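[1] whatever this is, show me its structure:
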Amino acid sequence: MSEIRGNTPGLDLASAASYVSLSEAAVEDMVESGYLSATHGATGPEFAIADLKAFVARNADNGSGNLLMDEMDSADPQALLAALDGRSEEMARRAFEIFASVFPEAQTWALNEQARFVDQAKNRFEAILAVTGQGSAVDEALVGDLQDVGAAAASAGSPLPQLLVILRISRDLVVQTAVELAEYRGRHWGLALSLLLTRVLPAMDRLTDALAQGYWAALAGRDEELRDRYEHVVETSSDGVYEVDLDGRLQYANPSLGIILGRSLDELEGAALSDVILPLDPAATIEPLMSEQWSAGGQILELTVARSDGVRRVLEIRTTSRYRFEELVGYQGVVTDITSTHDLEADRSEFLALVTRDLRLPLATLLAQGANLEVHAHELPADQVARIGGAIRRQAERISRLADDLADVTRLDSSLLLLNCRPVELSQVVIAALGSVGRPADVQVRLPGGVEVLADPRRLEQVVANVVDNGLEHGRAPVVVELGRASTGVVEVTITDHGSGVPAALLPTLFAGLRSRAADHHDRSRGTGLGLSLARGLMEAMGGRISYEPSPEGGARFRLVVPVPNRRSRDPAASRSR
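    Numbering: from 1, shown residues only. So this is what the prediction gives:
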C-alpha cells in the first residue's frame with residue numbers, strides 16, 4: 001500500500017467503496033491485486049482522494065463519470081473470460097509454484113505427481129471461469145455439488161487447510177491474471193475487469209464457503225455417528241463401564257456395571273466408587289483405580305468383592321485417566337466379571353492336585369508290592385505271594401475305578417452313559433464292589449441273600465465301592481453295609497462309618513464334583529469328591545437316589561434307594577428274616 005500524499009486525510013474503506021460505487025469486498029480485491037492504492041490506517045485501509053479520483057477517471061468516458069454507473073450495460077466481460085481461459089495452463093503451473101512455497105513437501109513430489117496437480121489445477125481454473133460466466137447467479141445445485149465435494153474430501157481424510165489454500169490460490173491467480181490482461185489491453189478491458197471483480201468475487205467466496213460447509217458438516221456427521229456407535233457399544237457391553245471424578249464419585253455407569261455389582265443405576269449415580277466396590281479382603285484397596293500414575297501404566301487390578309446381595313464376585317478392573325483440555329478431570333474404568341474363569345481355573349488346579357493324590361496311594365502300593373515280589377519272590381511262601389497279588393489286584397482296580405469314574409462323570413454330563421439294568425442279587429453286587437476298595441477287612445456286610453434289585457450291576461458296584469471308600473478314607477472303621485428301611489417298590493441300603501460325620505459347611509456341596517482340601521486326613525473335605533458326585537449321577541440314572549444323614553453313633557450314613565424288579569412281590573423285609 002502507498003502512503004497518503006499531503007496532509008489530506010484518507011477515506012476509510014466504506015467511504016472509498018461509496019465513492020467509486022463498488023462493494024467493500026470489490027475494493028479490497030482491487031487493492032490486493034494492485035489495481036487500487038491504499039495505506040494502513042488506525043482502523044483499516046485508507047485511500048487518498050487523489051487515487052480514488054484517478055480510479056474513477058480511468059474508468060470514465062472522457063473523465064466525465066464512472067462507467068460502472070453510466071456504461072454498465074455496454075461492458076461485456078466475456079472477452080476477458082475467453083482470454084483468461086486461454087491462460088488456464090499457465091495459471092495452473094503458477095498455482096503449483098505457489099502451493100509448493102506454502103507446503104514445501106510438494107517440492108519433493110515425483111514428476112507424475114506434479115503433472116497430476118497441474119492438470120487438476122487447469123481443470124479447476126476452467127471450472128472457475130465457467131462459474132464466473134454466471135456471475136452472482138450461482139444456483140443451489142452448484143452449491144450443493146461443492147458441499148458434496150467438501151464432504152467427500154472430509155471422508156477421504158484430506159486436510160481442509162490445503163483445500164482452502166488451493167481455492168484461494170486459484171481465486172487470486174484468476175484476479176491477478178485478469179488485472180494483467182486488463183492493463184495490457186487498455187481502458188475498455190479495465191471496465192470489464194471492474195464488472196468481473198464485482199460479480200465474480202462474491203460468487204467465488206460463496207463457493208468456497210459451500211466447500212467448507214460440506215467439509216465441516218461431514219466431519220460433524222462422522223463425529224456424531226462415531227459418538228452414537230461408541231455409546232451403543234458402551235451401553236450394550238457385557239463389561240461394566242464407569243466414569244468417576246477426581247473425588248471418586250461416579251459420573252456415569254452402564255447397565256452391565258449395575259448387574260455386576262448387584263445395584264440399580266440410580267444407586268450408582270453419584271455414589272462413591274469405594275462404597276459400591278467392596279473388597280472381601282480387608283487389606284485390599286481400590287485406591288489404585290484413582291491414581292494417575294497407575295492409569296498411565298495400563299495396569300489391571302483384580303479384586304474379589306461382595307455384591308450388595310452378598311454374592312462373591314471376582315472382578316478385573318482396567319482404569320485410565322480422563323483429560324479435558326490437557327487437564328485431569330477424572331478416571332474411567334472397565335470392569336470384567338471373571339468369577340467363572342477364576343473359579344474354573346482354581347477347580348482345574350484343585351482337580352489335578354486331588355486326582356494326583358488319589359492316584360498316589362494305590363500307585364505307591366503297587367510299586368512297593370511289585371518291588372517286594374521282584375526281590376523276594378523266591379523266598380516268600382505261596383500264601384504271602386497270594387496276599388501280595390491280591391493287594392496289587394485291588395490297587396489296580398482302584399486306579400481302574402478312578403479312571404472309570406472320570407469317564408463316567410463326563411458321560412453323565414453329556415447324557416451319553418449307557419446302562420444295562422436287570423434283576424441282580426444285591427449281596428453279590430456288594431461283595432463284588434468290596435474287591436476294589438482299599439481295606440475290605442474294615443467293611444462289615446449285613447445283607448441277607450436273595451434280595452434282588454433292578455440295576456446295572458457294574459454301575460451299582462461303582463456306587464457301593466465309591467461310598468464305602470469314602471467311609472474308609474474320611475471316616476473310621478468299621479464301615480457297615482446293611483439293609484435299611486423297607487418301602488414299596490424299592491430296597492434301601494445304608495452305608496455307615498464311625499467317624500466324625502460330615503461338617504455342616506460341606507453339606508451343600510457334598511455331592512458336587514469337587515471339594516476343597518483340608519489338612520486333617522480324616523476331614524471329609526479331602527478327596528476329589530468325584531466318588532459321591534458319580535454315585536448320585538449313577539443312582540439317578542438307574543431310577544434310584546442317594547442321600548446323607550448323620551448316624552446316631554456320630555458317623556456318616558449314606559442311604560442308597562434302589563428299585564426292585566416289577567415281578568417281585570415279596571416284601572424286602574421278609575428277606576431280612578430268612
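
[2] all the strands of the protein, in order from the start?
    Using DSSP state E, the strands assigned to the chain run over residues 39-40, 45-46, 240-245, 250-253, 300-306, 312-324, 327-337, 422-425, 443-446, 452-455, 479-483, 490-496, 545-550, 556-563.

[3] output those strands as a markdown table; include the columns distance to G389 and mean pLDDT.
    Heads up, the C-betas are built off the backbone N, CA and C, glycines and all. Listed next are the strands of the chain as a markdown table, based on distance: least, C-beta to C-beta, whole Å; pLDDT from 0 to 100:
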| stretch | distance to G389 | mean pLDDT |
| --- | --- | --- |
| strand 39-40 | 118 | 82 |
| strand 45-46 | 119 | 86 |
| strand 240-245 | 62 | 92 |
| strand 250-253 | 69 | 92 |
| strand 300-306 | 51 | 90 |
| strand 312-324 | 50 | 89 |
| strand 327-337 | 55 | 91 |
| strand 422-425 | 27 | 94 |
| strand 443-446 | 20 | 92 |
| strand 452-455 | 30 | 92 |
| strand 479-483 | 24 | 93 |
| strand 490-496 | 28 | 92 |
| strand 545-550 | 33 | 91 |
| strand 556-563 | 31 | 92 |
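
[4] who wins for proximity to A110 among the ones you listed?
    A110 sits nearest to strand 312-324 of all those, at 41.0 Å, using C-beta to C-beta.

[5] dump the closest one to PDB, restricted to CA.
    Output of strand 312-324 as PDB, limited to C-alpha atoms (Å, rounded to 0.1, in the frame of the first residue of the first chain):
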ATOM      1  CA  ARG A 312     -19.000 -63.100  45.900                       C
ATOM      2  CA  ARG A 313     -17.600 -61.900  42.500                       C
ATOM      3  CA  VAL A 314     -14.000 -61.800  41.200                       C
ATOM      4  CA  LEU A 315     -13.500 -58.600  39.100                       C
ATOM      5  CA  GLU A 316     -10.800 -57.500  36.700                       C
ATOM      6  CA  ILE A 317     -10.700 -53.700  36.500                       C
ATOM      7  CA  ARG A 318      -8.800 -51.600  33.900                       C
ATOM      8  CA  THR A 319      -8.600 -47.900  34.500                       C
ATOM      9  CA  THR A 320      -7.400 -44.900  32.500                       C
ATOM     10  CA  SER A 321      -7.100 -41.200  33.200                       C
ATOM     11  CA  ARG A 322      -9.600 -38.800  31.700                       C
ATOM     12  CA  TYR A 323      -8.500 -35.400  30.500                       C
ATOM     13  CA  ARG A 324     -10.200 -32.300  29.200                       C
END
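
[6] domain ranges for the chain?
    13-70, 78-221, 239-337, 346-577 (automatic domain parsing).

[7] where does pLDDT dip in the stretch 201-350 of the chain?
    Applying pLDDT under 70 to the stretch 201-350 of the chain flags residues 201-204, 206-207, 223, 295-298, 344, 347-350.

[8] would you map the helices across it?
    255-261, 265-268, 273-276, 292-296, 339-376 (DSSP state H, counting those that start in this stretch).

[9] with mean neighbour count and distance to V234 added, can I get the ones you listed in TSV?
    What follows is the helices of the stretch 201-350 of the chain, written out as TSV (neighbours: other C-beta atoms under 10 Å; distance: least, C-beta to C-beta, whole Å):
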stretch	mean neighbour count	distance to V234
helix 255-261	20	9
helix 265-268	15	13
helix 273-276	18	18
helix 292-296	14	18
helix 339-376	14	22
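
[10] now these in CSV, with distance to G484?
    Listed next are these as CSV, based on distance: least, C-beta to C-beta, whole Å:
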stretch, distance to G484
helix 255-261, 47
helix 265-268, 52
helix 273-276, 52
helix 292-296, 62
helix 339-376, 28
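
[11] tell me which of the ones you listed approaches R227 most closely.
    helix 255-261 (18.5 Å).

[12] dump the domains of the chain into a markdown table; add distance to D228 as well.
    Shown next, in a markdown table, are these (distance: least, C-beta to C-beta, whole Å):
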| stretch | distance to D228 |
| --- | --- |
| domain 13-70 | 40 |
| domain 78-221 | 11 |
| domain 239-337 | 15 |
| domain 346-577 | 41 |
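
[13] looking at those domains, which is closest to E231?
    domain 239-337 (9.5 Å).

[14] start and end of the closest one, how far apart?
    7 Å (C-alpha to C-alpha, to the nearest Å).

[15] now do stretch 439-452
    26 Å.

[16] how about residues contacting it?
    Outside of stretch 439-452, the residues within contact range by C-beta atoms under 8 Å, 6 or more residues apart in numbering are 394, 423-427, 430-431, 434, 437, 468, 472, 477-483, 491, 493, 564-565, 568, 572, 575-576, 578.

[17] give me that answer again for 6 Å
    For stretch 439-452, contacts defined as C-beta atoms under 6 Å, 6 or more residues apart in numbering pick out 423, 425-427, 430, 434, 468, 472, 477-482, 565, 575-576, 578.

[18] swap in stretch 311-324?
    289, 292, 295, 300-305, 307, 328-339, 342.

[19] could you report the neighbour count for the closest residue to S551 other than its chain neighbours?
    Sequence neighbours aside, R557 is the residue nearest to S551 in space, at 4.3 Å (criterion: C-beta to C-beta, 6 or more residues apart in numbering). Per other C-beta atoms under 10 Å, the neighbour tally for R557 reads 20.

[20] now do V175
    22.

[21] picking up where we left off before, among the contacts of stretch 311-324, name the buried ones.
    Buried subset of the contacts of stretch 311-324 (neighbour count, 16 or more other C-beta atoms under 10 Å): 289, 295, 301, 303, 305, 307, 330-337, 339, 342.

[22] ok, those vs S37, which is closest?
    Using C-beta to C-beta, G330 comes nearest to S37 of those, at 58.7 Å.

[23] hmm, the closest one is touching D247, no?
    No: in this structure, G330 is not within contact of D247 by C-beta atoms under 6 Å, at 8.7 Å.

[24] my guess is V464 meets G435, correct?
    No: counting by C-beta under 6 Å, V464 stays clear of G435, with 10.8 Å between them.

[25] more neighbours: those two, which one.
    V464 (26 against 13).

[26] residues contacting the more buried one?
    Applying C-beta under 6 Å, 6+ apart, the residues near V464 are V430, A433.

[27] and the gap between it and G390?
    19 Å (C-beta to C-beta, to the nearest Å).

[28] same question for V445.
    To G390, V445 is 18 Å away according to C-beta to C-beta.

[29] compare those two (neighbour count), which wins?
    A count of neighbours by other C-beta under 10 Å puts V445 above the other of V445 and G390, at 16 against 13.

[30] so that one bridges to which residues?
    V481 (DSSP bridges).

[31] ditto for Y323
    Here Y323, judged by DSSP bridges, has bridge partners L328.

[32] how close does it sit to Y242?
    If you go by C-beta to C-beta, the gap between Y323 and Y242 works out to 17 Å.

[33] now do T496
    As judged by C-beta to C-beta, T496 and Y242 stand 55 Å apart.

[34] in contact with the residue lying closest to Q332 once chain neighbours are set aside, which residues?
    Leaving aside its sequence neighbours, Q332 sits nearest to E243 (C-beta to C-beta, 6+ apart; 4.6 Å). Neighbour list for E243: Q251, Y252, Q332 [criterion: C-beta under 6 Å, 6+ apart].

[35] tell me, how many residues neighbour the second one?
    Translated: Y252. For Y252, using other C-beta under 10 Å, the count is 15.

[36] now do the contacts for it.
    Neighbours of Y252 in contact, by C-beta under 6 Å, 6+ apart: E243.

[37] show me what it bridges to in the sheet.
    E243.

[38] quick one: it from R476, how far?
    Taking C-beta to C-beta, one finds Y252 at 60 Å from R476.
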